[in-house]
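**Student:** All I have is the shape, not the residue letters:
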């Protein structure tokens, strides 16, 4: 999750070639003099020189240096990243909730680009792209070997230009091209409605700059329609996260004032922080407090929070805070486990790095990283269960993932066996007619987990999962 954009000063980067043996190199880091490793810098300089003189064709100096920086940063963990001019601009656009592109959330799987979710109403959504579709080519470029950042660059562009994506749809065993016209994507991160008399449902699909204002407006609409609300479902399923201040604000909407929402801890002094349910921790400069408009009853209304493996980062912060303060019942499946803080530091006027600088901890001190939030009540995706849950990626599955920092990681030996069984079920499922394979839309009258959340609020029997169990953190082999 991107920490609220944080400008921490300028970092000067120089390339030194020549008599490094006679020079003592140092860099200023946070006011402390940090010696650079001379021998390794000499090796870097030697490799740079060899590539310049011996490579089969000339290579641009700037490309060599930026690729070296990119490799250095991306080797740390899955979330640290170097931003060139274009990607820095796109990152800022992403947190604002506006950008030009096709409108999909993506991740990487087996060297390909996987669709996590098409943004509702976007060109990709209208073109029929589905969750779990694999993108094998972007125009004429094969994505195998492309970084996620490079893939995003190729799919974004100017409004009204076209991009052709080659899609492999596993469950239909077919490959086909889709040509999509790019347009400005204005993501609507908040939905909500009265699902039945006395009970409301509000969904956050991402935590963006506008999310808190949209959240408050939607809550106002729900209370206007149903002034005597008996219960509310906060739906954070498949919410990949976003801005920290937005997560703190949404938590504060339900919690007593000034209680702890989340803490962070890292090497730097300013990475050791406590964020509380108070305007001081979520208000932006010059803005008023939108939470003041919320009805007082929201602090007391019975609350269920729905989460799943796609709930990450900011959504895990909210779920963890409401769980620790016993403000809500958390229902669904264990969350993604993305409990690390990324801070964006500029390297110049239009480049920068996103660097992991701390871990997140719930108010009781639990690390979210590579563990996630375990629901109070495990509930399957459907009445038939969650047959494909083992196939879903979590933070602990990612290469070079950061450990939790709380004890030794344990290897789950049953994990691969469960995946094999899930793959077989997926093959069987693929033979069914397409309408029978789709899970119902979140918030619809066929949403099984929402129905169980409403049962919980009404004091009725909840169909608890017989198969879902807490997944322990797995140790990654280097």
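**Tutor:** That came in fine, so what should we check first? All of these numbers come straight from a predicted model, not from anything done at the bench.
**Student:** Tell me how far residue 55 lies from residue 64.
**Tutor:** Going from residue 55 to residue 64 by CB to CB, to the nearest Å gives 10 Å. Where C-beta positions appear, they are placed from N, C-alpha and C, glycine not excepted.
**Student:** With neighbour numbers in mind, choose between those two.
**Tutor:** residue 64 (16 against 10; other CB atoms under 10 Å).
**Student:** secondary structure element for that one?
**Tutor:** Assigned by DSSP states H and E, residue 64 belongs to helix 61-74.
**Student:** Tell me the helix or strand right after that helix.
**Tutor:** Following helix 61-74 in sequence order, the next helix or strand is strand 81-83 (DSSP H and E).
**Student:** Show me what that next one is packed up against.
**Tutor:** helix 61-74, strand 352-361 (3 or more CB pairs under 8 Å, 6 or more residues apart in numbering; DSSP states H and E).
**Student:** Find out how far that strand is from the centre of the chain, if you would.
**Tutor:** 16 Å (CA atoms, centre = their mean, to the nearest Å).
**Student:** so where's the stretch 351-478 of the chain uncertain?
**Tutor:** Filtered on pLDDT under 70, the stretch 351-478 of the chain yields the residue ranges 385-394, 397-400, 406-440, 471-478.
**Student:** Would you map the helices across it?
**Tutor:** With DSSP state H, counting those that start in this stretch as the criterion, the stretch 351-478 of the chain has helices at 415-430, 434-437, 448-458.
**Student:** Would you state the helices of the stretch 151-300 of the chain in chain order?
**Tutor:** Ranges of helices in the stretch 151-300 of the chain, per DSSP H, counting those that start in this stretch, are 211-225, 244-254.
**Student:** Pull the residues that contact the longest one.
**Tutor:** The set of residues external to helix 211-225 that reach it, using CB atoms under 8 Å, 6 or more residues apart in numbering, is 97, 188-194, 200, 202, 204, 229, 232, 242-243, 246, 249-250, 253, 282, 290-291, 293-295, 297-298.
**Student:** Check the offset of stretch 326-339 from the chain's centre.
**Tutor:** 15 Å.
**Student:** Could you number the chain from 28 rather than 1 from now on?
**Tutor:** Okay, using 28 as the starting number, the last item reads as stretch 353-366.
**Student:** That stretch: which residues count as buried?
**Tutor:** Buried residues in stretch 353-366, counted by 16 or more other CB atoms under 10 Å: 354-366.
**Student:** how about TSV for those residues, with secondary structure and distance to residue 199 added?
**Tutor:** Putting these into TSV (DSSP: H, G, I helix; E, B strand; the rest coil; distance: CB to CB, whole Å) gives the following:
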residue	secondary structure	distance to residue 199
354	coil	43
355	coil	39
356	strand	38
357	strand	35
358	strand	32
359	strand	28
360	coil	26
361	coil	29
362	coil	29
363	coil	27
364	coil	30
365	coil	30
366	coil	36
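**Student:** Residue 363 reaches residue 337, doesn't it?
**Tutor:** Yes: at 6.5 Å, residue 363 counts as touching residue 337 under the criterion of CB atoms under 8 Å.
**Student:** Look up the residues that both of those two are in contact with.
**Tutor:** Joint contacts of residue 363 and residue 337 (CB under 8 Å, 6+ apart) are residue 267.
**Student:** Would you format the helices of the stretch 178-327 of the chain as CSV with mean neighbour count and mean pLDDT included?
**Tutor:** Putting these into CSV (neighbours: other CB atoms under 10 Å; pLDDT from 0 to 100) gives the following:
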stretch, mean neighbour count, mean pLDDT
helix 238-252, 19, 97
helix 271-281, 26, 97
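**Student:** Those into a markdown table, with extra columns for distance to residue 87?
**Tutor:** Listed next are the helices of the stretch 178-327 of the chain as a markdown table, based on distance: least, CB to CB, whole Å:
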| stretch | distance to residue 87 |
| --- | --- |
| helix 238-252 | 40 |
| helix 271-281 | 37 |
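**Student:** do you know which of those helices lies nearest residue 432?
**Tutor:** Smallest distance to residue 432 across these (CB to CB): 18.8 Å, for helix 271-281.
**Student:** Show me what the closest one is in contact with.
**Tutor:** Counting by CB under 8 Å, 6+ apart, 28, 30-31, 231, 234-236, 238-239, 242-243, 246, 261, 268, 288-289, 302-305, 308-311, 317-318, 321, 325-326, 330, 341-342, 344-345, 348-349, 354-355, 368 sit against helix 271-281.
**Student:** Alright, calling it a day.
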